[in-house]
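Trainee: I'll drop the sequence and a predicted model, then ask my questions.
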Amino acid sequence: TRTWTLSDACGNSSTGVQTITILDTISPDFTAPADETVYGTIDCTIDTIADINEITGIVNNCSTLADLEITYVDNITSNCTGTFEISRTWTITDEAGNATSRVQTISVVDTISPIFTTPADITLYLDATCAVSTDTSVLIGTVRDESDGCSTGLDATYVDVRTDDCSEGSYTITRTWTLTDDCGNSTSGVQTITVLDTINPTFTAPADITLYADASCLADVTVGSTGDVLDESDNCTTTLNATYVDVLTNNCTGSYVIERTWSLVDACGNAAADQLQTITVLDTISPSFTTPSDITLYVDASCTVDSSPSGGSGDVTDELDNCSTGINATYS
């Protein structure tokens, strides 16, 4: 406040008041802390407490550092539990009320994957209907210990890839378990489920049979005559066909025994017990020949006569049999 006075030579005076207002309008200046990215710990904690000592380059025309007011306000934008962004607005105000604000961005990131225990590998067995349950159960196992430092209510999921070990029956399931937290961090584990068909197929071998060689010394020993297996059965394999191997024992040309061993194996290599069918082939057709004609012979001057076949009594020359060859009629 400035008071002006004016006096004349006779001592008369006048006064007037002038008000001079002096203002500080220059705001302080500073450099906010640098933007940074910090990572959450395994228990989802992070130190985001501000430290004013991180502010650098503070400049003010009037106020001293001690007279400046330094404050900050956080605005949090959350992407997921454990990952979020803090927009930290720093403000410095001098004694005259001049203020400057700067923004620091703090990115908080959860990069720690959740944990769980993969169920143990297991072997299961197909039942009589070629079925087995591969759903998660106490038997096969499921994940029950999902854990994460930030996310709660996690539930592991799985994807199955099946590989057939045989065309009809045994197979392997590669079950890949995956656990993902709210921030997209994942952990995976593989469980192998082996499904086996160990049940043997069944069948009934044809009954033993006796066949007879015909006039050509032939007997039909194919399954059309001796009998075939018609009741092949298995829990899984549907395209079963019993096979056989023959072992032949000759009693004579035309009569023999076939030991036919029947076998049945399913697509997974399970084999039924071999079964034996005995096929007996008999030659019951007698050979034939023509007896030489009756003949009269005369003794000679020495009272002898040659009655042998070659001597004129006649021989059998038309021996015939359905099976045997090289046979020769004899006489007594």
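Mentor: Received the coordinates, thanks.
Trainee: make it CA atoms for all contacts and neighbour counts henceforth
Mentor: Fine.
Trainee: quick one: contacts for residue 4?
Mentor: 15, 16, 17, 18 (C-alpha atoms under 8 Å, 6 or more residues apart in numbering).
Trainee: Against residue 13, how distant is it?
Mentor: Between residue 4 and residue 13 the computed distance is 10 Å (C-alpha to C-alpha, to the nearest Å).
Trainee: Kindly report the same for residue 193.
Mentor: 114 Å.
Trainee: Could you do residue 40 as well?
Mentor: Distance of residue 40 to residue 13, computed by C-alpha to C-alpha: 79 Å.
Trainee: quick one on the thing from earlier: filter the contacts of residue 4 down to just the ones in strands.
Mentor: In strands, defined here by DSSP state E, the members of the contacts of residue 4 are 15, 16, 17, 18.
Trainee: Mind listing the residues bridging to the last one?
Mentor: Listed beta-bridge partners, residue 18: residue 2 (assigned using DSSP bridges).
Trainee: count of residues packed around residue 56?
Mentor: Residue 56 has 12 neighbours, counted by other C-alpha atoms under 10 Å.
Trainee: In this model residue 33 seems to touch it, though I could be wrong.
Mentor: Yes - with contact defined as C-alpha atoms under 8 Å, residue 56 counts as touching residue 33 (7.4 Å).
Trainee: residues touching residue 299, list them.
Mentor: residue 305.
Trainee: where does it land on pLDDT?
Mentor: With respect to pLDDT, residue 299 scores 94.
Trainee: Work out for me the element it sits within.
Mentor: Counting by DSSP states H and E, no helix or strand carries residue 299.
Trainee: tell me the SS of residue 129?
Mentor: coil (DSSP: H, G, I helix; E, B strand; the rest coil).
Trainee: Residue 137 versus that one, what's the distance?
Mentor: In terms of C-alpha to C-alpha, residue 129 sits 20 Å off from residue 137.
Trainee: what do you get for residue 207?
Mentor: 48 Å.
Trainee: of those two, who's got more company?
Mentor: More crowded of residue 207 and residue 137, by other C-alpha under 10 Å: residue 207, with 13 against 9.
Trainee: which element is that one on?
Mentor: Following DSSP H and E, one finds residue 207 outside all helices and strands.
Trainee: where does it land on pLDDT?
Mentor: pLDDT recorded at residue 207 is 98.
Trainee: Tell me the spacing between it and residue 271.
Mentor: Residue 207 is 21 Å from residue 271, by C-alpha to C-alpha.
Trainee: Do me a favour and average the pLDDT over stretch 3-20.
Mentor: Stretch 3-20 comes out with an average pLDDT of 94.
Trainee: how about the CA coordinates for that stretch, as CSV?
Mentor: Only the C-alpha atoms of stretch 3-20 are listed here, as CSV (Å, rounded to 0.1, in the frame of the first residue of the first chain):
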residue,chain,number,x,y,z
THR,A,3,0.6,6.6,0.4
TRP,A,4,1.4,9.7,-1.7
THR,A,5,1.6,13.2,0.0
LEU,A,6,1.7,16.6,-1.6
SER,A,7,2.4,19.9,0.5
ASP,A,8,2.4,23.5,-0.7
ALA,A,9,4.6,26.3,0.4
CYS,A,10,2.2,27.3,3.2
GLY,A,11,2.2,23.8,4.6
ASN,A,12,-1.1,22.7,3.2
SER,A,13,-1.0,19.0,2.1
SER,A,14,-3.0,16.3,0.4
THR,A,15,-2.6,12.5,0.5
GLY,A,16,-3.6,9.6,-1.7
VAL,A,17,-3.3,5.9,-1.5
GLN,A,18,-2.0,3.6,-4.2
THR,A,19,-2.3,-0.2,-3.9
ILE,A,20,0.4,-2.2,-5.7
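Trainee: That stretch: how far from the chain's middle?
Mentor: Offset of stretch 3-20 from its chain centre (C-alpha atoms, centre = their mean, to the nearest Å): 107 Å.
Trainee: Surely residue 67 touches residue 95?
Mentor: Yes - Residue 67 is in contact with residue 95 according to C-alpha under 8 Å; the separation is 6.6 Å.
Trainee: What is the end-to-end distance of stretch 193-208?
Mentor: Its first and final residues considered, stretch 193-208 spans 45 Å by C-alpha to C-alpha.
Trainee: In that stretch, which of the residues would be classed as buried?
Mentor: 193-206 (16 or more other C-alpha atoms under 10 Å).
Trainee: Take those residues and keep only those in strands.
Mentor: Short answer: the buried residues of stretch 193-208 in strands (DSSP E) are 193, 194, 195, 196.
Trainee: For residue 304, see how far away the residue nearest to residue 295 when sequence neighbours are not counted is.
Mentor: Spatially, and ignoring its direct neighbours in sequence, residue 295 is nearest to residue 313 (6.4 Å; C-alpha to C-alpha, 6 or more residues apart in numbering). Per C-alpha to C-alpha, residue 313 is found 14 Å from residue 304.
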